[in-house]
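> with the input below, show me the fold.
(chains A and B, ligands or ions: 2)
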Protein chains: 2
Amino acid sequence: MQGQRIDVVSVKPYPVFLGARLEELGDYLTTRIGAGEHLLVITHPNVGDYYLDTLQKGLGSFMVNTLIVPQGEDEKSLDRLSDLTSEAIACGADRKTVVLALGGGVIGDLAGFFASVFMRGMRYVQIPTTLLAMVDSSIGGKVAVNHAAGKNLLGDFYPPLAVWTDFSTLETLPWEEMLNGLAETIKHAVIADEELLSFIEKHQEEIMARKPELYKELSSRSSAVKVRLVSEDETEQGKRMFLNYGHSFGHALEAEVAYQGITHGQGVSIGMVAAAHLAQERGLMSSGEVERLIKLLKGFGLPVTVRAKNPRVLTDLMGADKKNYKGQKVLVLPKGIGQGIVIRDANDEEILRAWDKVIE
Amino acid sequence: MQGQRIDVVSVKPYPVFLGARLEELGDYLTTRIGAGEHLLVITHPNVGDYYLDTLQKGLGSFMVNTLIVPQGEDEKSLDRLSDLTSEAIACGADRKTVVLALGGGVIGDLAGFFASVFMRGMRYVQIPTTLLAMVDSSIGGKVAVNHAAGKNLLGDFYPPLAVWTDFSTLETLPWEEMLNGLAETIKHAVIADEELLSFIEKHQEEIMARKPELYKELSSRSSAVKVRLVSEDETEQGKRMFLNYGHSFGHALEAEVAYQGITHGQGVSIGMVAAAHLAQERGLMSSGEVERLIKLLKGFGLPVTVRAKNPRVLTDLMGADKKNYKGQKVLVLPKGIGQGIVIRDANDEEILRAWDKVIE
Ligand SMILES: NC(=O)c1ccc[n+]([C@@H]2O[C@H](COP(=O)([O-])OP(=O)(O)OC[C@H]3O[C@@H](n4cnc5c(N)ncnc54)[C@H](O)[C@@H]3O)[C@@H](O)[C@H]2O)c1
Ligand SMILES: NC(=O)c1ccc[n+]([C@@H]2O[C@H](COP(=O)([O-])OP(=O)(O)OC[C@H]3O[C@@H](n4cnc5c(N)ncnc54)[C@H](O)[C@@H]3O)[C@@H](O)[C@H]2O)c1
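Ligands and ions are numbered 1, 2, ... in the order given. Okay, the predicted model is just below:
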């Protein structure tokens, strides 16, 4: 195999292969589960059209079935889980079956959750095909479906057998989807890797020109940050929380419009800026550092402000965050560039002031 | 605390309190999770009527909400899981909330599965109130819901914080429900505890006269067998399989009538006899041992034969067992009285002959 392997520390450790090739997964699987086993590929119609043939090329020695899930966040649901269950039984799946989740975060979260509960747990492989899935959702074992009462409300911590990342799949990814992953990548840089931030600044134009050579470096470094943080803290008691930087503010923005009309990347972008302002007020960031972040986000066309919002409503929405504890908002702030800090004593006044800084 | 504590070996070890008192759970919880936490009791209407007040007596220092689930196996469903999710959110539950599953196996399996997936996992306590739940379903961390495509098809291995067993709750349990638990208790005796079988034989009349003094000994010994087997083998690769004795044949009988008109205990009872006949044919049991088992079951009014069934259909239904591997039926047989054995080479002919022995 070309590329790079990093191992995630976990109750059940697993390797992340960065720069692997879809058609070589079969060879790898033979060494892990033996030939002849039953595989269940779960993917979207478009991702399947692009990549199923390539993937299947390497799977000749297995029994393979494919389940197609329509696109969209709405498919991360109990209803779809129930459908997958019927379909899996119909094609003879049992607890020895291995699921291959081929797609972005929606497929990874849904197929991973399905694998975690079907017959009390099958093995599964994450095969991320969006930048966001590569650097974020495929790593760390978090799987979930949404519920009317909240996003990702039902789920599990369920480590995959392996994460198999083929950067070449990014070549077909729409730019808007790239931006969602870039927002997370910038987040990783700000909370844990100053060099990565410099790298992105230096190569911003080439990234925007979508030069494939850059995906490897960008994605590998960003994935490495996630691997490091989840390895130190699998069940999210400590450092893994840093990954929530930008998300408490961002989720409030997304929730306020019921996840319509604002992308996750846009929410995180504005959220990171708001949290940076709060960090500045607390003396954790200089104004120069905040400006550096704003400039980079703007350069990619990511928003750093939002129009006509009520800061009080947004602050209240932050009260619903799963990470809050006993009514106290838990926030992640950058500490300069390259470090994070978790604060549990934020008061609504400073949060309101942070919102004011990003509301036009 | 009076009673007895045994600890289950597990990735997350937990204590089983046998002969505890409902009203003392609060004191124990204070030592485990601290006072003031949010508790979510999940129970049935009738079980709630009988025992909620007693339970609540000890919970004064906690914030308590109660969710009532209608009775019946049908409630072990994704739909009910979804309802519990909405209700839990409405009463402010979060991942720090502790679920108390007060009821039989239906409540334990459903509330336990809910606890395992809500916000990726809350803690929960099993408070079994049926004999079956005390000696079987509350121990071992298996939780699940049913699906149109199969019983217990979606679930998890998710150890509870503790199992809190108050034998006095058995006093209101209908005799038919007692029988379901007795069938499992006899199963435990046959595969792992000859002394328990002698105890049951000796006290059969008192058990049938429902003398509460006997529940303690009966239930404790039977629970201890389950604790021992799951401690040796949490995820069911080896000895835990013994617990499946009587169930491969029994599930086929239940499935054939779509779980209507035959109780689980009746299915297991006939199933144990069928498997015993197969064991005898293989020289694993003497005819005297088979007779001893039949006599005991009959004495309780448990069926040991069934009328007008097609053995071929039943044998085919056994092919759908989750425990089968690559089309090969996996069976548990007794080895004399007090030991079990897993066989993976049973052929359909001997299975058919075993069916013939129990079909009138
Ligand atoms: N589990 C975690 O730790 C975690 C972390 C972050 C986000 N998430 C979840 O991830 C989800 C978002 O994931 P996402 O941003 O990847 O969105 P997505 O999975 O919806 O993918 C975005 C779109 O890109 C398409 N697509 C995917 N790969 C493609 C390719 N190579 N070429 C062309 N089109 C392609 C998909 O069909 C889809 O329409 C959310 O549900 C979020 O909750 C999970
Ligand atoms: N998780 C496991 O390892 C495991 C093992 C065996 C069985 N199970 C599951 O357990 C379930 C069966 O459990 P069950 O036999 O306890 O049935 P159940 O939970 O349906 O309870 C039987 C009936 O007894 C009533 N009841 C409960 N406690 C009572 C009390 N103290 N007094 C009066 N009435 C009471 C209930 O309301 C119910 O109507 C099945 O769904 C089965 O799949 C799970």
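> wait, a strand at residue A:143?
Yes - counting by DSSP: H, G, I helix; E, B strand; the rest coil, residue A:143 is part of a strand.
> and residue A:174, how many neighbours?
Residue A:174 has 8 neighbouring residues, counting by other Cβ atoms under 10 Å in any protein chain shown. Heads up, the C-betas are built off the backbone N, CA and C, glycines and all.
> need the phi and psi values for it.
Backbone torsions of residue A:174, given as degrees, to the nearest 10, read phi -60, psi 150.
> now do it against chain B, distance only.
Noted for residue A:174: a distance of 30 Å to chain B, by Cβ to the nearest Cβ, to the nearest Å.
> residues in contact with that residue?
By Cβ atoms under 8 Å, 6 or more residues apart in numbering or on different chains, no residues touch residue A:174.
> now the helices for the stretch 251-360 of chain A?
With DSSP state H, counting those that start in this stretch, the ranges of helices along the stretch 251-360 of chain A come out as A:264-281, A:287-299, A:311-318, A:348-358.
> briefly note if stretch A:103-119 comes near ligand 2.
No - counting by Cβ under 6 Å from any ligand atom, ligand 2 is not contacted by stretch A:103-119; separation bottoms out at 13.5 Å.
> so for that stretch, mean pLDDT?
Stretch A:103-119 carries an average pLDDT of 98.
> what does stretch A:214-228 give?
For stretch A:214-228, the per-residue pLDDT averages 93.
> buried sites along that stretch?
A:214-216, A:218-228 (16 or more other Cβ atoms under 10 Å in any protein chain shown).
> also near ligand 1: which of these, exactly?
Of these, not one also sits near ligand 1 (Cβ under 6 Å from any ligand atom).
> kindly reformat those as CSV containing distance to residue A:17 and secondary structure.
Converted to CSV, the buried residues of stretch A:214-228 look like this (distance: Cβ to Cβ, whole Å; DSSP: H, G, I helix; E, B strand; the rest coil):
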residue, distance to residue A:17, secondary structure
A:214, 19, helix
A:215, 15, helix
A:216, 13, helix
A:218, 17, helix
A:219, 12, helix
A:220, 11, helix
A:221, 15, helix
A:222, 15, helix
A:223, 10, helix
A:224, 13, helix
A:225, 17, helix
A:226, 14, helix
A:227, 12, helix
A:228, 17, helix
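> nearest to residue A:160 among these?
residue A:227 (12.7 Å; Cβ to Cβ).
> roughly how far does that closest one sit from residue A:32?
19 Å (Cβ to Cβ, to the nearest Å).
> ok, the residue of the stretch 1-150 of chain A found nearest ligand 2 - contacts?
Relative to ligand 2, the nearest point of the stretch 1-150 of chain A is residue A:120 (10.0 Å; Cβ to the nearest ligand atom). The neighbours of residue A:120, taking Cβ under 8 Å, 6+ apart as the test, are A:95, B:142, B:144, B:155-157.
> buried deepest among the helices of the stretch 251-360 of chain A, which one?
Comparing the helices of the stretch 251-360 of chain A by mean neighbour count (mean count of other Cβ atoms under 10 Å in any protein chain shown), helix A:264-281 comes out on top with a mean of 26.
> quick one, strands of the stretch 51-200 of chain A?
Using DSSP state E, counting those that start in this stretch, the strands of the stretch 51-200 of chain A run over residues A:63-68, A:98-103, A:123-128, A:142-147, A:150-157, A:162-165.
> low-scoring stretches of the stretch 201-350 of chain A, by residue?
Within the stretch 201-350 of chain A, the segments meeting pLDDT under 70 span A:234-237.
> which residues of it lie near ligand 1?
Taking Cβ under 6 Å from any ligand atom, no part of the stretch 201-350 of chain A reaches ligand 1.
> is there contact, residue-wise, from stretch A:138-155 to chain B?
Yes - using Cβ under 8 Å from any Cβ of the partner chain, we find that stretch A:138-155 touches chain B at A:142, A:144, A:147-150, A:153-155.
> end to end, how far does that stretch reach?
14 Å (Cα to Cα, to the nearest Å).
> how about the contacts made by the residue nearest to residue A:120 when sequence neighbours are not counted?
Ranked by Cβ to Cβ, 6 or more residues apart in numbering or on different chains and with sequence neighbours excluded, the top spatial neighbour of residue A:120 is residue B:155, at 4.7 Å. Residue B:155 makes contacts with A:117, A:119-120, B:109, B:113, B:142-145, as judged by Cβ under 8 Å, 6+ apart.
> most neighbours of all the residues you listed, which one?
Neighbour tally across the contacts of residue B:155 (other Cβ under 10 Å): the maximum, 30 neighbours, falls on residue B:143.
> now the residue nearest to residue A:19 when sequence neighbours are not counted: how far from residue A:208?
Leaving aside its sequence neighbours, residue A:19 sits nearest to residue A:3 (Cβ to Cβ, 6+ apart; 2.8 Å). According to Cβ to Cβ, residue A:3 stands 24 Å off from residue A:208.
> likewise residue A:48?
On the measure of Cβ to Cβ, residue A:48 and residue A:208 end up 28 Å apart.
> and these two? Which one has more around it.
Taking other Cβ under 10 Å, residue A:48 and residue A:208 do not tie; residue A:48 has more neighbours (19 against 15).
> so that one is in which element?
helix A:45-57 (DSSP states H and E).
> relative to strand A:98-103, how tilted is that helix?
130 degrees (axes from the mean of the first three to the mean of the last three Cα atoms, to 10 degrees).
> could you report the neighbour count for residue A:171?
10.
> equivalent analysis for the one 10 residues further on, please.
With neighbours defined by other Cβ under 10 Å, the count for residue A:181 comes to 28.
> equivalent analysis for residue A:176, please.
Residue A:176 has 11 nearby residues by other Cβ under 10 Å.
> hmm, back to that, do I have it right that the residue nearest to residue A:19 meets residue A:16?
No - between residue A:3 and residue A:16 there is no contact under Cβ atoms under 8 Å: 10.2 Å.
> more neighbours: which of these two?
Neighbour tally, residue A:3 and residue A:16, criterion other Cβ under 10 Å: the higher count belongs to residue A:16, 25 against 16.
> the helix or strand containing the more buried one vs ligand 1: in contact?
In this assignment (DSSP H and E), residue A:16 forms part of strand A:14-18. No - judged by Cβ under 6 Å from any ligand atom, strand A:14-18 stays clear of ligand 1, getting no closer than 13.2 Å.
> tell me which strands and helices that strand is in contact with?
strand A:4-8, strand A:162-165, helix A:212-232 (3 or more Cβ pairs under 8 Å, 6 or more residues apart in numbering or on different chains; DSSP states H and E).
> what angle do the longest one and strand A:14-18 make?
The directions of helix A:212-232 and strand A:14-18 differ by 160 degrees, with the same axes, to 10 degrees as the criterion.
> just checking, what packs against helix A:212-232?
Short answer (3+ Cβ pairs under 8 Å, 6+ apart): helix A:212-232 packs on strand A:4-8, strand A:14-18, helix A:175-192, helix A:194-202, helix A:204-208.
> would you convert those into CSV that also reports distance to ligand 2?
As requested, the helices and strands packed on helix A:212-232 are exported to CSV (distance: least, Cβ to the nearest ligand atom, whole Å):
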stretch, distance to ligand 2
strand A:4-8, 30
strand A:14-18, 28
helix A:175-192, 39
helix A:194-202, 47
helix A:204-208, 51
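> quick one, which of these is packed in tightest?
Note that of these, helix A:175-192 is the most buried (mean count of other Cβ under 10 Å), with a mean of 24.
> average pLDDT for that one?
On average, helix A:175-192 scores 97.
> would you agree residue A:62 is in contact with residue A:28?
No - taking Cβ under 8 Å as the definition, residue A:62 is not a contact partner of residue A:28, at 11.9 Å.
> which residues does whichever residue of the stretch 151-300 of chain A sits closest to ligand 2 bridge with?
Closest residue of the stretch 151-300 of chain A to ligand 2, Cβ to the nearest ligand atom: residue A:156 (17.5 Å). Counting by DSSP bridges, residue A:156 forms beta bridges with residue A:143.
> since that was my last question, I'll sign off now.
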